[in-house]
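Q: Could you work out the structure for the sequence below:
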Amino acid sequence: MAHEITVNKAHSKGLLLFIAGVLFAFLWASAATATKLGLQSAQPFVICIARFFFAGIIMLMITHLFMRNRMPVKTEWKPLAIYGILNISIYLGLYVVAMKNVSPGLGSMAIATNPVMISLTSALLFKQRIKAITWISLFLCTAGVLIAAYPLLQSSYATPTGLTILFCSMLSYSIGVLYFSKQNWSDLHILTINGWQTMLGGIFLLPIAAVTYEPSLNHWDFKFAASVLWLAVPVSILGVQLWLFLLRDNPLKASFWLFLCPVFGYVIANVVMKEPINAWTVTGLALVLGGLYLVQRAKKG
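A: Residues are numbered from 1 along each chain as shown. As a prediction, the model looks like this:
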């Protein structure tokens, strides 16, 4: 009887993790298409500011008013600000700008390559020897993105400038992840960290948004509202919490859910934005997944 209960609990947990993983991959991949839709109605930084403040306020209300978690102390504001600049202002700010000149499918594919970027950035920053497997993974992922991008460059679904900005945004994300992992956050709740870094990142973007703001380029319509709401709640809040849930259970297994992101990304982009899927797309996707597999296998070893 006890054995049967244990088996049932394990089965239930496994099912829960599976559902969480699939939902996370779908939500994470959907961000590219949601951003692209929003850009049809508003400027990049307008979308950013609306998304970050909306998501940040919700998270801070939940963590401080409902969960009664403590506020950050004096020494914690500086790392929160730096993390907010890297992970919100630069990473997501550049990402939204890049999406004006990059297809949603490529945007989701680039996000999935983050584990490879993080491995390479970590080795460079901390002067570690870069393993051959990391170089091979980087080569495969880069080749995959370029191959998938080739026909899109011909049909104006992507531009070299957009791809360059996209790469810079991924680099900032990688540095942000490493910075976060090196900080001692004491007992500061993860939702508090996420809420404040999101708010601070939005605040740092305000001057740029104000300088570049053009009233005629912004339309407060359904596409804008739907884009901001989706990016703020399902992606920024639910997606991040699902990711943290998966990480707490098993970081290695959690990272494998990133494999689904580019697959979901292209399917969503194809259905919503009519982005083409062809032999170039499939070949590029296969190379990216191969590069991801190698770097995850290296971590396991």
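Q: in which helix or strand would I find I118?
A: helix 114-125 (DSSP states H and E).
Q: ditto for R297
A: helix 279-300.
Q: Give me the three-state assignment for R68.
A: When classified by DSSP: H, G, I helix; E, B strand; the rest coil, R68 comes out as coil.
Q: Name the residue closest to the centre of the protein, please.
A: Nearest residue to the geometric centre of the chain (Cα atoms, centre = their mean): I111, 5.7 Å.
Q: surely that residue meets L260?
A: No. Using Cβ atoms under 8 Å as the test, I111 is too far from L260 to be in contact (11.5 Å). Quick note: C-beta positions are derived from backbone N, CA and C, even for glycine.
Q: can you list residues touching both of these two?
A: Common contacts of I111 and L260, defined by Cβ atoms under 8 Å, 6 or more residues apart in numbering, comprise A29.
Q: which residues of the stretch 101-250 of the chain fall in helices?
A: Along the stretch 101-250 of the chain, counting by DSSP state H, counting those that start in this stretch, helices occupy 104-112, 114-125, 132-154, 160-182, 190-212, 222-230, 240-249.
Q: Run the angle between the first one and helix 132-154 for me.
A: Here the directions of helix 104-112 and helix 132-154 differ by 170 degrees (axes from the mean of the first three to the mean of the last three Cα atoms, to 10 degrees).
Q: Now do the buried residues in helix 104-112.
A: Buried residues in helix 104-112, counting neighbours by 16 or more other Cβ atoms under 10 Å, are found at P104, G105, L106, G107, S108, M109, A110, I111, A112.
Q: among these, which two are most distant?
A: Within the buried residues of helix 104-112, two members stand farthest from each other by Cβ to Cβ: P104 and A112, at 13.0 Å.
Q: can you list residues touching both of these two?
A: G265.
Q: Please tell me how far the closest residue in space to L166 that isn't next to it in sequence sits from L39.
A: Leaving aside its sequence neighbours, L166 sits nearest to A98 (Cβ to Cβ, 6 or more residues apart in numbering; 4.0 Å). Separation of A98 from L39 (Cβ to Cβ, to the nearest Å): 11 Å.
Q: These two: which has the busier surroundings?
A: Using other Cβ atoms under 10 Å as the criterion, A98 and L39 rank with A98 on top: 27 against 19.
Q: Verify the stated contact: that one with L106.
A: No. In this structure, A98 is not within contact of L106 by Cβ under 8 Å, at 9.2 Å.
Q: who's in contact with stretch 48-63?
A: For stretch 48-63, contacts defined as Cβ under 8 Å, 6+ apart pick out 42, 69, 88, 92-93, 96, 189, 191-192, 194-196, 198-199, 201-202, 205-206, 209, 224, 228-229, 231-233, 236-237.
Q: so the longest helix anywhere in the chain versus helix 240-249, what angle?
A: Longest helix in the chain by number of residues (criterion: DSSP state H): helix 2-38. Using the same axes, to 10 degrees, the direction of helix 2-38 lies 140 degrees away from that of helix 240-249.
Q: starting at the chain centroid, how far to helix 2-38?
A: How far helix 2-38 lies from its chain's middle: 17 Å, per Cα atoms, centre = their mean, to the nearest Å.
Q: got it, and stretch 51-65?
A: 18 Å.
Q: same deal with stretch 274-284?
A: For stretch 274-284, the distance to the chain centre is 22 Å (Cα atoms, centre = their mean).
Q: end-to-end on it?
A: Stretch 274-284 has an end-to-end distance of 18 Å (criterion: Cα to Cα, to the nearest Å).
Q: Now that stretch: buried residues?
A: E275, P276, W280, T281, G284.
Q: With pLDDT added, can I get those in CSV?
A: Shown next, in CSV, are the buried residues of stretch 274-284 (pLDDT from 0 to 100):
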residue, pLDDT
E275, 81
P276, 80
W280, 84
T281, 83
G284, 84
